[in-house]
Structures are given as C-alpha cells and as structure tokens.
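Asker: I need the structure of the sequence given here:
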Amino acid sequence: MEIILKEDVPNVGHTGDIVKVKPGFARNYLFPRGLAIVADRRSIGEIEHQKRILAEKRERERRASNSVAEGLNQARLTIKARAGEGGKLFGSVTNSDVEKGLAEKGFNVDRRRIRLDEPIKTLGEHRVVVRLAAGVDATVTVIVESDGPLVGEKPEVEAAAPATQPASDAGE
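Answerer: Residues are numbered from 1 along each chain as shown. This is a model prediction of the structure:
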C-alpha cells in the first residue's frame, strides 16, 4: 500500500515521502495516529502543492534573514558588568543579556537563536554568532566593559591639594 507520511516516522521515512508499507501497518498504526494518508492522485497533488508553498516561504524567510544579518554583522554591542581583578566578571554575560542589548538597538532576535558555547566571563571584545534561519548566520561584536573601577584593585590616588585649616576666630 502506498502512503504519504504527514510526519517523520523512524525506519519508514520523512514528512512528505511517498512510501510502500504493508496494509495492516498503515491501517492499524499510521492512519489512527494521523502519521500518514493514502497516496492517491488528489493527496499527491495536495502534498506537492504544500511542498511548493513551503519552499517559497523558506526562500522569503532566507531573504529577510539575509538583510537582518547584514545589519547584525555591523552591530557593536556594549554591555556593562561588574568586574574584579584581572578583568574577570562577577557573574557572566549570557544570551539573554545579548538579546536585551540587541533589542535596544532595534533588532528583535529570540535568545535561543543567540549561540554562546558558554557565558562570557571576561572583559573585552567577543564575537557572538546569531543563527537567523537555516544557513543564515550573523556575527555580532559584543564589548564587555566594567561598570566602575575594578573591584579588588586600588583606585589611583589623585594628587590631593594641601588641606587648609579654617582660620580660627581667636580675636573675638
């Protein structure tokens, strides 16, 4: 029996595939679970039409993602964080922090699309990959700066002016 798979089925095929299976497997397992439909002319035409629509939609998304990627590749994001000796951060900069910074610059990117292998834990310039769509990646430059003097280091002592004592009113 020929069927069209509506979902991926292990050891059988992927969504949209036309496969031959035994009639009992189709009737008792695939059809009741909504995993497949009978492959007749009408359903084959319908699946082909849906594949064309899906391909066009993916192409539109890819073009839109490419234009956003160009903007993101130019973006330089500055994030302030508390840091200690040696430029190590207290805490870290995560993909949520990068998402907030990008939103402030006008880029609406889901935090799950921001690829950080591990959170940023040092001051300096870091490159962060943003996966916008299948095959479309952008690289954002994230600059992590200290939000004040580094904790643990002594602030530079400024040359203090000689202290003047108020004149005493001894004559009164």
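
Asker: Tell me, how many residues neighbour residue 63?
Answerer: By the criterion of other C-beta atoms under 10 Å, residue 63 has 11 neighbours. C-beta coordinates here come from the backbone N, C-alpha and C atoms, glycine included.

Asker: Remind me which helix or strand it belongs to.
Answerer: helix 41-74 (DSSP states H and E).

Asker: Now do that helix, average pLDDT.
Answerer: For helix 41-74, the mean per-residue pLDDT is 88.

Asker: C-terminal to that helix, what's the next element?
Answerer: Trace forward from helix 41-74 with DSSP H and E and the next one is strand 76-81.

Asker: if I look at residue 81, how far off is residue 62?
Answerer: 35 Å (C-beta to C-beta, to the nearest Å).

Asker: What of residue 50?
Answerer: Distance from residue 50 to residue 62, by C-beta to C-beta: 19 Å.

Asker: And for residue 97?
Answerer: For residue 97, the distance to residue 62 - C-beta to C-beta - is 28 Å.

Asker: So between these two, which is more surrounded?
Answerer: Each of residue 97 and residue 62 has its neighbours counted (other C-beta under 10 Å); residue 97 has more, 21 against 14.

Asker: the inter-axis angle of the one helix or strand that one maps to versus strand 76-81?
Answerer: Assigned by DSSP H and E, residue 97 belongs to helix 95-104. Computed with axes from the mean of the first three to the mean of the last three C-alpha atoms, to 10 degrees, the direction of helix 95-104 lies at 130 degrees from that of strand 76-81.

Asker: Okay, buried residues for helix 95-104 please.
Answerer: By 16 or more other C-beta atoms under 10 Å, the buried positions in helix 95-104 come out as 95, 97-99, 101-102.

Asker: in the sheet, who's paired with the closest residue to residue 75 other than its chain neighbours?
Answerer: Spatial nearest neighbour of residue 75, excluding adjacent residues (C-beta to C-beta, 6 or more residues apart in numbering): residue 140 at 5.2 Å. Beta bridges link residue 140 to residue 128, judged by DSSP bridges.

Asker: Quickly note the distance from residue 140 to residue 87.
Answerer: Taking C-beta to C-beta, one finds residue 140 at 20 Å from residue 87.

Asker: Looking at these two, which has the bigger crowd around it?
Answerer: residue 140 (23 against 13).

Asker: Would you mind measuring from the more buried one to residue 53?
Answerer: For residue 140 relative to residue 53 (C-beta to C-beta), the value is 32 Å.

Asker: show me what contacts residue 87?
Answerer: 122-124, 146, 150 (C-beta atoms under 8 Å, 6 or more residues apart in numbering).
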